[in-house]
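K.L.:
heads up, no residue letters with this:
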């Protein structure tokens with residue numbers, strides 16, 4: 001029986017003269033059995049996967065940056081306040097929205113993989129597989145860190161395949177991530193033409209795989225993926241820090257050598273813009289989510305990142321500003337993996353693999369700080385593994401404010417450490433009446449999804 005594709009494929013674009021890879025609205029209501037018949041049609045499915053990423057990263061901040069200890073929530077109510085103040089329930093719409101957008105994108109990836117054999121160009125077939133598995137891995141990596149055990153779908157399913165809705169252990173999810181990303185490292189090209197810079201590369205796959213290994217505390221494996229990216233003297237020919245921190249987030253200077261992978265947006269282009277830029281503004285729905293006072297105090301006076309991260313007068317986010325764009329239709333890309341991230345991961349891995357921090361820790365860490373015009377660490381003031389570990393974690397907090405990284409960094413720490421950090425933050429921001437129980441380090445499974453699963457999808461402990 002024919003069934004309608006649950007996702008939308010995007011028309012192949014004429015890349016000549018296009019500013020960005022994703023400039024078109026999706027074409028919906030295609031029939032799976034009469035599409036994906038050849039190379040070009042499968043490529044529309046690949047492009048649809050990237051379109052899915054736009055939808056996911058437009059709202060990711062609601063589950064990450066809002067929850068983290070670098071932002072404060074003033075007068076947050078409803079679902080916003082529930083996320084911020086650790087009282088979220090399975091009925092929270094933000095949790096359902098992110099879940100559904102993520103699995104929608106996974107479904108798009110699975111359709112591409114299902115019809116790979118219809119691709120007659122062997123080079124493109126290899127690329128498409130690498131891209132689809134990279135994007136699917138990115139979705140599962142986020143889901144497993146946010147929700148814990150989740151359904152693992154590696155093939156297309158019908159809407160009533162309820163048995164497939166069962167949750168799979170985190171260990172199995174991570175095994176699949178490693179398998180898929182190793183394929184992506186081999187399959188994705190080193191680079192793409194300028195007009196297709198949205199697409200996943202070998203370097204993006206290596207960086208994401210390194211982050212998976214780092215999360216699992218498999219430091220030797222992470223090092224194997226990071227070493228080719230950092231190059232000699234921690235300055236790669238393909239990737240390097242942008243001399244200007246502020247320029248990373250400007251619509252006028254996107255996709256520099258610092259960007260290893262970004263989700264691309266374009267203002268006033270048939271809905272290809274982002275809304276998060278506006279939501280963080282003084283009129284947006286997230287206007288009460290600001291840089292917290294303790295976070296602001298972490299920055300040294302000379303640190304150039306401070307002004308580029310938040311407005312010191314009101315704490316509002318100053319990244320991703322697109323003043324000329326219509327409301328909720330901005331053109332700022334969202335950087336998922338930057339070279340600064342690779343440098344700090346490299347420093348962290350080197351520190352964990354050594355008895356005391358050496359140049360392989362200090363050099364990449366100080367490269368990030370030098371660009372920011374922050375004070376430099378040396379073997380005297382960073383002379384123990386524990387001190388270096390704390391310095392690197394702090395540096396990640398300074399470097400990636402409002403980039404959805406901090407919550408993921410917190411939940412990969414030892415549980416007691418994470419809870420201690422969060423409780424201290426709540427006290428410092430005037431919320432000492434709130435303490436964080438361990439079960440709230442992952443979110444509840446959306447109740448709507450549990451209801452739709454016919455009893456196959458179970459709830460996380462503590463939320464029943």
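P.N.:
Nice, I can see it. Remember, predicted model here, so these are calculated numbers, not experimental data. Numbers count the residues shown, from 1 in each chain.
K.L.:
tell me the contacts of residue 415?
P.N.:
438, 441 (Cβ atoms under 8 Å, 6 or more residues apart in numbering). For every residue, glycine as well, the C-beta is placed using N, CA and C.
K.L.:
ok, now residue 157?
P.N.:
Residue 157 neighbours (Cβ under 8 Å, 6+ apart): residue 164.
K.L.:
mind checking how far it is from residue 101?
P.N.:
Counting by Cβ to Cβ, to the nearest Å, the gap from residue 157 to residue 101 is 17 Å.
K.L.:
Can you give me the buried ones in the longest helix along the chain?
P.N.:
For the chain, the helix with the greatest residue count under DSSP state H is helix 122-147. The neighbour-count check on helix 122-147 (16 or more other Cβ atoms under 10 Å) flags 124-147 as buried.
K.L.:
cool, stretch 410-417 as well?
P.N.:
Neighbour-count burial for stretch 410-417 flags 410, 411 (criterion: 16+ other Cβ under 10 Å).
K.L.:
Please state the mean pLDDT value computed over that stretch.
P.N.:
Stretch 410-417 shows an average pLDDT of 97 in the prediction.
K.L.:
Determine how far it lies from the middle of the whole chain.
P.N.:
19 Å (Cα atoms, centre = their mean, to the nearest Å).
K.L.:
what's the span of that stretch, first residue to last?
P.N.:
9 Å (Cα to Cα, to the nearest Å).
K.L.:
Same question for stretch 223-243.
P.N.:
25 Å.
K.L.:
pLDDT weak spots in the stretch 151-300 of the chain?
P.N.:
Scanning the stretch 151-300 of the chain for pLDDT under 70 picks out 232-237.
K.L.:
now with 90?
P.N.:
In the predicted model, the stretch 151-300 of the chain carries pLDDT under 90 at residues 156-165, 195, 197-198, 231-238, 252, 268-271, 281-289.
K.L.:
Show me where it has its helices.
P.N.:
170-187, 202-215, 219-230, 276-279, 293-298 (DSSP state H, counting those that start in this stretch).
K.L.:
With mean neighbour count and distance to residue 117 as new columns, can those be given to me in JSON lines?
P.N.:
Output for the helices of the stretch 151-300 of the chain, formatted as JSON lines (neighbours: other Cβ atoms under 10 Å; distance: least, Cβ to Cβ, whole Å):
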{"stretch": "helix 170-187", "mean neighbour count": "19", "distance to residue 117": "15"}
{"stretch": "helix 202-215", "mean neighbour count": "24", "distance to residue 117": "22"}
{"stretch": "helix 219-230", "mean neighbour count": "19", "distance to residue 117": "29"}
{"stretch": "helix 276-279", "mean neighbour count": "25", "distance to residue 117": "38"}
{"stretch": "helix 293-298", "mean neighbour count": "15", "distance to residue 117": "51"}
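K.L.:
what's the closest of those to residue 118?
P.N.:
Closest approach to residue 118 among the helices of the stretch 151-300 of the chain is made by helix 170-187 (17.0 Å; Cβ to Cβ).
K.L.:
can you give me the angle that closest one makes with helix 122-147?
P.N.:
150 degrees (axes from the mean of the first three to the mean of the last three Cα atoms, to 10 degrees).
K.L.:
Helix 170-187: how far from the chain's middle?
P.N.:
Counting by Cα atoms, centre = their mean, helix 170-187 is centred 16 Å from the centre of its parent chain.
K.L.:
Output the contacting helices and strands for that helix.
P.N.:
Under the contact criterion of 3 or more Cβ pairs under 8 Å, 6 or more residues apart in numbering; DSSP states H and E, helix 170-187 touches helix 122-147, helix 202-215.
K.L.:
Give me the contacts around it.
P.N.:
Helix 170-187 is contacted from outside by 126-127, 129-131, 133-134, 136-137, 140-141, 143-144, 148-150, 152, 154, 200, 202, 205-206, 208-209, 212-213, 216, 225, using Cβ under 8 Å, 6+ apart.
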